[in-house]
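Colleague: sharing a model prediction with you, sequence too.
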Amino acid sequence: MKLGKILIYLLILVVVAGWLYIVEIRYRPGQKEQEDRGKKIVHLEKDKIVQIGLDSRERGKVEVQKPGDTWVLTAPVRTKADKLAVDSLLASITDATSEKVVLEKDVKWDDYGLDNPDFTVTVSTPDKKTDIFFGASNPAKTSYYVRVDDDPRLLLCADTLKISLNKSAFDLRDKAVVNIAPEDLEKIVISRKGKQIELRREGTDKWFLETPRRFRVKSSVVNADLRTITNLKAKAIIDPPLKDIKEYGLEKPEETILLYGPKKELTFLVGKPQGDKSQEKKPGSEPEPDRYALIKGHDTVYVLDGRSLSSVRTDPEELRDRSVLLFSPPDIEKVEIELDGKQWAAAKGKDNKWTLEKPEKKERINNWAISGILWDVKDLQWQSMTVRKPNEPMPPELEHPRLVVSLFKKGDETPLILKAGWKDEAAKAGTQPEKVEDQKGGSAAKQPLGTNKDRTPAKDQSKAKAESKPEPQAPSVVAIAQPSEDEGATYTLDGGFAIRIQQDLQRITEEK
């Protein structure tokens, strides 16, 4: 091929590439952006909008304003607005587009329901106001005829736009009932069905029952109940002026919840079920009904989800923390175990890897097994507890305990100690008794997360299954913990944990 032809082809290629660049990369995206902007029916910056008015023939007038940094519902009542709901409304307004322009001019507005609009949205910035009028729907009932301000054009907009804008006062108001953060509370008093409990926080995250008697409760349960109470959202709101509060069962409330913190205190009154005059509910009949509620000292009545209110636990035994030892497994740096006269000791290095020190030195051992032992001890829950009198002797099973677990936390010289003895004489003699059921009908302590039942790695499970033998039955175990908040307490435990500890120790010892 001659050089001249090659140059001509190269010149054509450059021209085509330049044209593609100008049209496809530079011009068309800008043109599309301009077309999209042209379809928008409102040209206002979202951050500059300070007032929105909704005037619906069906729902009346609703108005929100932003006098400062937060939105306020100003009509039909004045109260705090729901920020998320208002943000969604703003997005619907500023992103609204038309499907098409039906007529450019000379529109007979009464033919399209726009001489007396069914719904009007008024949006204001400090220096501009825009009205959006919604008229009749099109014959297919999929869109609405729209006019913006005094624009001579007749627009057609999707029905989803009207749905997203036509909000009620309830949709836009703040429906939160309790404006207190759970971490700001120090005391909770709940009265329900003639019974009362009082809970107090001690320290950062430790809760105690004070009434009807004092003992430690499960912080996780209390915190979950606090989240339920502080996250309550009204399903309906009845604003003043109210009927007689007797109509809502609030003169003599069925339940009261006192929330106390150093910065704020409020009492929550719970009345009768909504629409249930008998106030009687047959077991297994209907779901928990919604209830009327009131913050003491305020006039607004709320309708709240009955299931959320009933889920707040008030049974002392359900709240009670039955943990034997309180610690976090990652905080433990050394473990010493004595079982049936044999001793094991393991320590954690700076790399968080465990090494065996007794009965022999091993630099690399199965971290999984040590972790399993720690979680078994941490998750121990007592089934029953007895408290010894000052001069009362130790139970015979604990005079020479079969199992002693000592856990050393980082920086602590004094360990946490668990001493356990087998309660059943049959177990002492080497035969296993029948499995002891716990209070909920279970038979094994909670398994640590991330492990299987016997903490056997997945690759060894098939081999273990082939060589499996009948698992030993768990004995009933008597134990004490040192230190213990229940002074002089002796616990009865399900002994399944002891069997698992024995299996883990054997696995560690047999590792090469």
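Modeller: Received the coordinates, thanks.
Colleague: all helices for this protein, in order.
Modeller: The residue ranges that make up the helices of the chain, judged by DSSP state H, are 3-20, 28-39, 83-94, 159-165, 169-172, 219-230, 306-310, 316-319, 367-378, 425-428, 461-466, 496-510.
Colleague: and the fourth one, average pLDDT?
Modeller: Regarding helix 159-165, the rounded mean pLDDT is 96.
Colleague: quick one: buried residues of it?
Modeller: Buried residues in helix 159-165, defined by neighbour count with 16 or more other C-beta atoms under 10 Å: 161-162, 164-165. (Glycine included, C-beta is placed from N, CA and C.)
Colleague: also the longest one?
Modeller: By neighbour count on 16+ other C-beta under 10 Å, the buried set for helix 3-20 is empty.
Colleague: now do the third one
Modeller: Neighbour counts using 16+ other C-beta under 10 Å place 85-86, 89-90, 92-94 of helix 83-94 among the buried residues.
Colleague: so which elements touch that helix?
Modeller: Applying 3 or more C-beta pairs under 8 Å, 6 or more residues apart in numbering; DSSP states H and E, we find helix 83-94 packed against strand 51-56, helix 159-165, helix 169-172.
Colleague: swap in the fifth one?
Modeller: Applying 3+ C-beta pairs under 8 Å, 6+ apart, one finds that helix 169-172 makes contact with strand 60-65, strand 72-75, helix 83-94.
Colleague: possible to save the ones you listed as JSON lines with distance to residue 412 and mean pLDDT?
Modeller: As requested, those are arranged in JSON lines below (distance: least, C-beta to C-beta, whole Å; pLDDT from 0 to 100):
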{"stretch": "strand 60-65", "distance to residue 412": "57", "mean pLDDT": "96"}
{"stretch": "strand 72-75", "distance to residue 412": "54", "mean pLDDT": "96"}
{"stretch": "helix 83-94", "distance to residue 412": "47", "mean pLDDT": "96"}
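Colleague: I'd like the ones you listed laid out as CSV, including distance to residue 123.
Modeller: Written out in CSV, the entries for the helices and strands packed on helix 169-172 read as follows (distance: least, C-beta to C-beta, whole Å):
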stretch, distance to residue 123
strand 60-65, 11
strand 72-75, 15
helix 83-94, 6
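Colleague: save the helices and strands packed on helix 83-94 as TSV, and put in distance to residue 303 too.
Modeller: What follows is the helices and strands packed on helix 83-94, written out as TSV (distance: least, C-beta to C-beta, whole Å):
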stretch	distance to residue 303
strand 51-56	23
helix 159-165	24
helix 169-172	11
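Colleague: for residue 119, which of the ones you listed is the nearest?
Modeller: strand 51-56 (5.0 Å; C-beta to C-beta).
Colleague: so the closest one versus strand 60-65, what angle?
Modeller: Here strand 51-56 runs at 170 degrees with respect to strand 60-65, directions being taken by axes from the mean of the first three to the mean of the last three C-alpha atoms, to 10 degrees.
Colleague: how about the contacts made by residue 337?
Modeller: 343-345, 373, 403-406, 501, 505 (C-beta atoms under 8 Å, 6 or more residues apart in numbering).
Colleague: what's the answer for residue 316, then?
Modeller: The neighbours of residue 316, taking C-beta under 8 Å, 6+ apart as the test, are 197, 209, 212-213, 215.
Colleague: and those, which are buried?
Modeller: The neighbour-count test (16+ other C-beta under 10 Å) applied to those identifies 197, 209 as buried.
Colleague: that older thread, kindly present the helices of the chain as a markdown table, with separate columns for distance to residue 124.
Modeller: Supplementary listing: those in a markdown table, determined by distance: least, C-beta to C-beta, whole Å:
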| stretch | distance to residue 124 |
| --- | --- |
| helix 3-20 | 45 |
| helix 28-39 | 21 |
| helix 83-94 | 11 |
| helix 159-165 | 15 |
| helix 169-172 | 16 |
| helix 219-230 | 35 |
| helix 306-310 | 38 |
| helix 316-319 | 52 |
| helix 367-378 | 60 |
| helix 425-428 | 81 |
| helix 461-466 | 68 |
| helix 496-510 | 68 |
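Colleague: what residue ranges in the stretch 251-400 of the chain score low on pLDDT?
Modeller: The model of the stretch 251-400 of the chain has pLDDT under 70 over residues 276-286.
Colleague: if we can go back for a sec, residue 254: which of the contacts of residue 316 is nearest?
Modeller: Minimum separation from residue 254 among the contacts of residue 316 (C-beta to C-beta) is found for residue 197, which lies at 15.6 Å.
Colleague: I figured that closest one hits residue 189, correct?
Modeller: Yes - with the criterion set as C-beta atoms under 8 Å, residue 197 and residue 189 qualify as a contacting pair; they are 7.3 Å apart.
Colleague: mutual contacts of these two, please.
Modeller: Listed as contacting both residue 197 and residue 189 by C-beta under 8 Å, 6+ apart are residue 211.
Colleague: got the contact list for the closest residue to residue 336 other than its chain neighbours?
Modeller: Closest residue in space to residue 336, ignoring its immediate chain neighbours: residue 406 at 4.2 Å, by C-beta to C-beta, 6 or more residues apart in numbering. Residues touching residue 406, when contacts are defined by C-beta under 8 Å, 6+ apart, comprise 335-337, 415-417.
Colleague: and residue 389, backbone torsions?
Modeller: phi -70, psi 160 (degrees, to the nearest 10).
Colleague: so which pair among the buried residues of helix 159-165 is furthest apart in space?
Modeller: Taking C-beta to C-beta as the measure, the buried residues of helix 159-165 have their most distant pair in 162 and 164, spaced 7.4 Å apart.
Colleague: what's opposite the nearest residue to residue 62 once chain neighbours are set aside in the beta bridge?
Modeller: Closest residue in space to residue 62, ignoring its immediate chain neighbours: residue 54 at 4.4 Å, by C-beta to C-beta, 6+ apart. Applying DSSP bridges to residue 54 gives these bridge partners: residue 62, residue 121.
Colleague: please look at residue 54 and residue 164 and confirm they touch.
Modeller: No - counting by C-beta under 8 Å, residue 54 does not reach residue 164; the two are 11.5 Å apart.
Colleague: give me the pLDDT value at the residue nearest to residue 62.
Modeller: With respect to pLDDT, residue 54 has a value of 97.
Colleague: contacting residues around it?
Modeller: Each residue near residue 54 by C-beta under 8 Å, 6+ apart is listed here: 61-63, 119-122, 165-167.
Colleague: and the gap between it and residue 66?
Modeller: From residue 54 across to residue 66, the span is 15 Å (C-beta to C-beta, to the nearest Å).
Colleague: could you do residue 51 as well?
Modeller: In terms of C-beta to C-beta, residue 51 sits 7 Å off from residue 66.
Colleague: residue 401: what's its closest spatial neighbour, skipping adjacent residues?
Modeller: If you skip the residues right next to it in sequence, residue 401 has residue 419 as its closest partner in space, 4.2 Å away by C-beta to C-beta, 6+ apart.
Colleague: OK, contacts around that neighbour?
Modeller: When contacts are counted by C-beta under 8 Å, 6+ apart, residue 419 touches 398, 401, 403-404, 479-480, 482.
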